[in-house]
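>>> got a sequence here, can you model it:
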Amino acid sequence: MSAKAEHYDVIRKPIITEKSTMASENGAVVFEVAIDAAKPQIKEAVEALFGVKVKAVNTTITKGKQKRFRGQMGRRKDVKKAYVTLEEGNTIDVNTGL
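Numbers count the residues shown, from 1 in each chain. As a prediction, this is how the structure comes out:
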């Protein structure tokens, strides 16, 4: 497997919410990442894929909710989010992928 494919395994998708939009005004971008991804892996993947310098990575794990599927109780997956703070002058436009 190529290194680029491994980076895409670490970073799943950008998260676009009100909170993440407010974070982007302070130079941070929010990504959904693999549940077992470590902060150095996330930093390396973002720098390689987007060509930017990363200042800091903060992570949070959101526990999956209990939901009812076809009358049966089920559970959504746990989700790990990474708040990636970029160095001054670096930007990632998550809407266009640049």
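
>>> would you map the helices across the protein?
3-10, 18-24, 39-50 (DSSP state H).

>>> out of those helices, which comes closest to residue 76?
helix 18-24 (19.0 Å; C-beta to C-beta). C-beta here means a position set from N, CA and C on the backbone, and glycine is covered the same way.

>>> show me what the closest one is packed against.
strand 28-33 (3 or more C-beta pairs under 8 Å, 6 or more residues apart in numbering; DSSP states H and E).

>>> most distant residue from the middle of the protein?
residue 71 (32.3 Å; C-alpha atoms, centre = their mean).

>>> if we can go back for a sec, now the helices of the chain in TSV, with mean pLDDT?
Converted to TSV, the helices of the chain look like this (pLDDT from 0 to 100):
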stretch	mean pLDDT
helix 3-10	82
helix 18-24	89
helix 39-50	92
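
>>> where in the protein is the helix or strand with the lowest mean pLDDT?
helix 3-10 (a mean of 82; mean pLDDT, DSSP states H and E).

>>> can you list the helices and strands that that one packs against?
Under the contact rule (3+ C-beta pairs under 8 Å, 6+ apart), helix 3-10 is packed against helix 39-50.

>>> rewinding a little: mind checking how far the residue farthest from the centre of the chain is from residue 53?
51 Å (C-beta to C-beta, to the nearest Å).

>>> again, but for residue 60
22 Å.

>>> between those two, which one's more packed in?
With neighbours defined as other C-beta atoms under 10 Å, residue 60 and residue 53 compare such that residue 53 has more, 13 against 10.

>>> model confidence score at the residue most central in space within the chain, please.
Centroid check for the chain by C-alpha atoms, centre = their mean gives residue 31 as the closest residue, at 1.6 Å. Per-residue confidence (pLDDT) for residue 31: 94.

>>> what sits against the nearest residue to residue 83 once chain neighbours are set aside?
Spatial nearest neighbour of residue 83, excluding adjacent residues (C-beta to C-beta, 6 or more residues apart in numbering): residue 58 at 4.4 Å. The contact partners of residue 58, by C-beta atoms under 8 Å, 6 or more residues apart in numbering, come to 82, 83, 85.
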